[in-house]
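>>> Next come a sequence and a model predicted from it.
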Amino acid sequence: MRLNDPGLLETRAYLAGAWVQTSARLTVHDPARGTLLAEVADCSRTDAATAIAAAKAAQPGWAALTGKERAAILRRWHDLVVANADDLAAILTAEMGKPLAEARGEILYGASYIEWFAEEAKRVYGETIPGHQRDKRLLVIRQPVGVVAAITPWNFPNAMIARKLAPALAAGCAIVAKPAAETPLSALALAVLAERAGLPAGVLSILPSTDAVGLGIEFCENPKVAKISFTGSTNVGRILMRQGAAQIKKLSLELGGNAPFIVFDDADLEAAVQGCIASKFRNAGQTCVCTNRIYAQSGIHDAFIARLAEAVAALRVGPGDEAGSEIGPLITPAALAKVEAHIADACAKGARLMTGGTRIEGTFFRPTVLAGMTPDMTVAREETFGPLAPVFRFQTEAEVIDAANDTEFGLASYVYTRDMGRVWRVMEGLEYGMVGINTGLISTEVAPFGGVKQSGIGREGSRHGIEDYLELKYACLSV
Ligand SMILES: NC(=O)C1=CN([C@@H]2O[C@H](COP(=O)(O)OP(=O)(O)OC[C@H]3O[C@@H](n4cnc5c(N)ncnc54)[C@H](OP(=O)(O)O)[C@@H]3O)[C@@H](O)[C@H]2O)C=CC1
Ligand SMILES: O=C(O)CCCC(=O)O
């Protein structure tokens, strides 16, 4: 990997304000070629306790700065991320596999959360409430929750951690974060730039580790941690909720999805196909907001599926650092096996393969479209997290809303129609935190990202995103 600034390829942990190498190392591989990229510090549960103690000590000083002072540091950090976007994208593609253009997009997307929350740091307003008695004056202030512990996944190694660090730091919290074991390099590079931007020692720690269970327990059981913010699988979200119950730990959870993509007869066919590809095949399908089930109404079904299969067959699969690649490798052999299992299950139950369906080499898989889907197939209930587009046929609006909602998940959903009445009815009827209407791309720092049902708790981004890191304090004053 050739970088303009080799100092961004950091392999030590950022622990309590110092760069620390550990005797144990975790290995990071290029998922496109399987080659070793780096040996990185492998932090223990004891290291986590040290980072938490440092965060607890540093947090009051950080919170005592004015919002404007914290904003200035965050703003410098944002500018450094943008200035180093090419290097950060190269690191991201190397460890995660997504095409370079997507990686660069993710770096700027992550930076946009830093910029947004730098601005929000200045707007943590309180309120006054008319007193309930003549001599009473009521005030409400908003204060940082304290020390936050964050755990993030491999699929967005920069943006998922950026959108936790930025609001926490803007609010005046200190934060200790564990990135995914597969992709720690992007998180460490972000910490290099945060330090250069002037973030005080101890306010941020980044702890790569193979002991996810141990660090998770430390985060939940250490009384100095006020809150946990997690992005990843619903199963691990449940574990953290259970572990945090003893101390009533505050939680933000951004978990799995099972996104429906609904195409009505009156939709613009080409726009629906392009939106579907954008939503389904972004990051090779490894995104919690990726379409998982496609519902096409009877009148448009055959034309839609024919055009979708044609467009999907044209997608170019290859290493993320090769020009023209649109679909990179899957993150692990296990991820590829899950895609194959979903296809095998569907085909055994009567699905028809329209394109794809086979592996290429390593963890590269041909983007796939299946027709003739039925609700008893595994993919109707489970997130594939890979490049598989299964198409279900439906007849009526009521039927498709029921089918779309027939899942324990409720993160993203998508609808294509030109009927404004239907837009409102379907949007209101979908039990999801986010609805894309005539678009397959909904993510932006200015909007509240998050799910209902078992897809999570809390929102990231928008003016609401900082609330997860603040507590209300009410004061009753007798005059
Ligand atoms: N909502 C989303 O954005 C994501 C959803 N997923 C869904 O989850 C499935 C599995 O993906 P996977 O990467 O295994 O997701 P996980 O939920 O296992 O991993 C996400 C993060 O949690 C950590 N972790 C794992 N187990 C524990 C634990 N017991 N306590 C604390 N932290 C833990 C991981 O560490 P480590 O890396 O060391 O295992 C990683 O940092 C995917 O196929 C997809 O369906 C996955 C990623 C993101
Ligand atoms: O949780 C994820 O899978 C990442 C969501 C990326 C996005 O913000 O669109």
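Sure thing, it's come through. Ligands and ions are numbered 1, 2, ... in the order given.

>>> And for whichever strand or helix holds Lys338, what's in contact with it?
Using DSSP states H and E, Lys338 maps to helix 333-348. Helix 333-348 is contacted by residues 285-286, 330, 351, 353, 357, 359, 363, 365, 368, 370, 373, 377-379, 382, 384-388, 390 when judged by C-beta atoms under 8 Å, 6 or more residues apart in numbering. (C-beta placed from N, C-alpha, C; glycine too.)

>>> Also stretch 187-197?
Residues from elsewhere that reach stretch 187-197 (C-beta under 8 Å, 6+ apart): 7-14, 40, 73-74, 76-77, 80-81, 84, 87-88, 91, 110, 152, 157-158, 161-162, 165, 177, 179, 204, 206, 208.

>>> PyMOL command to pick out the buried ones of the residues you listed?
Here is the PyMOL selection string for the buried members of the contacts of stretch 187-197, based on 16 or more other C-beta atoms under 10 Å:
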select buried, resi 8+9+10+11+12+13+14+40+73+74+76+77+80+81+84+87+88+91+110+152+157+158+161+162+165+177+179+204+206+208
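
>>> Not counting its neighbours along the chain, what's nearest the residue in the stretch 101-250 of the chain positioned nearest to ligand 2?
In the stretch 101-250 of the chain, the residue found nearest to ligand 2 is Phe156; the distance is 4.7 Å by C-beta to the nearest ligand atom. Take Phe156 and drop its neighbours on the chain: the residue closest to it by C-beta to C-beta, 6 or more residues apart in numbering is Glu106, 5.9 Å away.

>>> Ramachandran angles for the one you found?
With angles defined as degrees, to the nearest 10, Glu106 sits at phi -70, psi -40.

>>> who's in contact with the most centrally placed residue in the chain?
The residue lying closest to the centre of the chain (C-alpha atoms, centre = their mean) is Met160, at 4.6 Å. By C-beta under 8 Å, 6+ apart, the residues touching Met160 are 152-153, 231, 254.

>>> near ligand 1, from the contacts of helix 333-348?
Subset of these in contact with ligand 1: Phe385, counting by C-beta under 6 Å from any ligand atom.

>>> From the contacts of helix 333-348, which land in strands?
353, 368, 370, 388, 390 (DSSP state E).

>>> ok, back up a step: tell me, which of the contacts of stretch 187-197 make contact with ligand 1?
Okay, of the contacts of stretch 187-197 touching ligand 1 (C-beta under 6 Å from any ligand atom), that's Thr152.

>>> residues from the stretch 51-200 of the chain in reach of ligand 2?
155-156, 160.

>>> Kindly indicate which of the residues you listed lies nearest Lys122.
Met160 (24.8 Å; C-beta to C-beta).

>>> now that closest one, what's its secondary structure?
helix (DSSP: H, G, I helix; E, B strand; the rest coil).

>>> and the protein, which of its residues are near ligand 1?
151-155, 178, 180-182, 212-213, 216, 231-233, 236, 239, 254-256, 288, 383, 385.
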